[in-house]
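Participant: Generate coordinates for the sequence data below:
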Amino acid sequence: MYFCKIDYKMKTSISNKEIWRIACPIMLGFMTQTIISFTDTAFLGHLGMIELSASMMAGMYYFVFTTLAMGFAVGIQIFIARRYGEGNFSNIGKIFFHGAFFVFLLGLALLSILYFSSGLLLDKIISSDNIYTSAKTYLNFRQFGIMFVVFNFLFRSLYVGISNTKAITLSTVIMAIVNIFLDYALIFGHWGFAPMGIAGAAIASLSAEISACLFFIIYTYFAVPQKYEIFKFHSIDKSLMSNLIKIAFPSMLQRLASFGSWFVFFIMIEKMGEMAIGISSLVRSVYMVLVIPSFAFASTANTLTSRLIGEGRSEEVFSTLWKIIKNSVLCALPLALIVCIIPLQVIQIYTDDITLATLAQPTIYIIAVATLILSGSTIFFESVSGTGNTHAAFVIECSIIGTYLIYIYFMSILVPIHFVWTAEWLYNFFIGLFSFIYLKKAPWQKKKL
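Facilitator: Have a look, this model is predicted:
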């Protein structure tokens, strides 16, 4: 087997300023779904544990479907970043057009599955009748957002790929404002609106997703330079579409496997009882806030890896990754320390139930450690996809998931809920280790797109 020789001490020309310039807006972009989850949890947590648990289960179920669009967008991002590095700007519009054609069809397919099959699937997944009824109510409204989410992911991949992430920041601000305003108005019935409870949270989330999509379309039309030819009509190139799917499909499967396994994680916890799933609903919301910087730096690693290869500077990839990891850890560490120092105060953002908050406290310490492990491991993992070898990323993911699920299954039977969450330590450590080994040993510099 051929192994590439690399000077791993080669210094990178990518500055910390450049890394943060890309990562900061992406952090806000990753906050899009997190903000929706955060605000829904914060408001519904004060409404009741059933509503809180139902929104979490329905939201996780919905998010599993969106991961297919997320995975495809990663593939598009890799292509766009590579063409950007090569200076082939006009080809970026052609790639985007083909991506838009694909995600439209994907959105229709996902909406059909959600609309016709969700009731039956949720009934099989959720044990509690109360949680099932509320989850179905939530999804009856939220499911229509899938047609807008698929395009939102596509637009984000465009802006990350061309390292122009201002639009991601603005779209996130718009989503946050719309979601918070409508959550407050519709859940509790303020400002003349009728109180709608969990249905109001779903409508607020749907409206936020629509508003972001409309913003992306308008902003892209007026602000993106003509050299990218984003709104130019292109005939479908079967060869290009085939190459896009070839790169994106493993990424789609990888994202589906990753978030699907996490959904299974919560299904197993739901079997432990309403208190266990209530605690996990709170902890998940805190965890998703803690990992935002890590995911943002990971996306930065993905696009910079692809760009450096496109520019013929593969020897700088490793030193760039180490620099990104240092920034990621430095960003994650203060957040982890804060939640460890004041865990009850953090949890009480989401709930007035002191008993529930106290029981959730040990799990907060678990996810704080998991966050620090993730801040390094996910950089290596996303850079594997950045090399263009999305198949390798999928193989790495699948090699870990089986052990991860077996661990969760036995832990959920034998120990209290906070010990079950140590599965995140296991997953985060091995995903980073296997990715590091791949980057050290595999001939990824030869991968052509």
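Participant: okay, now I218: neighbour count?
Facilitator: Using other C-beta atoms under 10 Å, I218 has 10 neighbouring residues. From N, CA and C alone the C-beta is placed, and that goes for glycine too.
Participant: buried residues in the helix or strand where it lies?
Facilitator: Assigning secondary structure by DSSP states H and E places I218 in helix 198-223. Using 16 or more other C-beta atoms under 10 Å as the test for burial, helix 198-223 gives 198-213, 215-216, 219-220.
Participant: for the record, mean pLDDT for the helix or strand just after that helix?
Facilitator: Downstream of helix 198-223, the next assigned helix or strand under DSSP H and E is helix 238-270. For helix 238-270, the mean per-residue pLDDT is 84.
Participant: List the buried residues for helix 238-270?
Facilitator: 240, 243-244, 247-270.
Participant: Kindly state the pLDDT recorded for T220?
Facilitator: Per-residue confidence at T220 stands at 89 (pLDDT).
Participant: start at 664 instead
Facilitator: Will do, 664 is the new start, and the previous item becomes T883.
Participant: quick one: it from K829, how far?
Facilitator: 12 Å (C-beta to C-beta, to the nearest Å).
Participant: which residues of the protein score low on pLDDT?
Facilitator: 664-676, 688, 691-705, 707-711, 1108-1112 (pLDDT under 70).
Participant: Looking at it, which helix is longest?
Facilitator: Looking across the chain with DSSP state H, the single longest helix is helix 712-749.
Participant: The helix or strand following that one versus helix 712-749: what angle between them?
Facilitator: Using DSSP H and E, the next helix or strand after helix 712-749 towards the C-terminus is helix 753-788. With axes from the mean of the first three to the mean of the last three C-alpha atoms, to 10 degrees as the basis, helix 753-788 and helix 712-749 are set at 160 degrees to each other.
Participant: centre of the chain versus helix 753-788, how much separation?
Facilitator: When C-alpha coordinates are averaged (C-alpha atoms, centre = their mean, to the nearest Å), helix 753-788 and its chain have centres 16 Å apart.
Participant: And stretch 784-794, by the same measure?
Facilitator: That offset, for stretch 784-794, works out to 25 Å (C-alpha atoms, centre = their mean).
Participant: buried set for that stretch?
Facilitator: In terms of neighbour count (16+ other C-beta under 10 Å), stretch 784-794 has its buried residues at L785, I788, I789, S791, I794.
Participant: For the second one, give its distance to Y795.
Facilitator: Between I788 and Y795 the distance is 8 Å, computed by C-beta to C-beta.
Participant: Check which residues of the helix or strand I988 falls within are buried.
Facilitator: I988 belongs to helix 980-1004 when elements are defined using DSSP H and E. Neighbour-count burial for helix 980-1004 flags 980-984, 986-992, 994-995, 998-999, 1002 (criterion: 16+ other C-beta under 10 Å).
Participant: same for it, what does it pack against?
Facilitator: helix 679-708, helix 937-953, helix 955-973, helix 1017-1049, helix 1086-1104 (3 or more C-beta pairs under 8 Å, 6 or more residues apart in numbering; DSSP states H and E).
Participant: 10 Å - rerun?
Facilitator: Applying 3 or more C-beta pairs under 10 Å, 6 or more residues apart in numbering; DSSP states H and E, one finds that helix 980-1004 contacts helix 679-708, helix 937-953, helix 955-973, helix 1006-1010, helix 1017-1049, helix 1086-1104.
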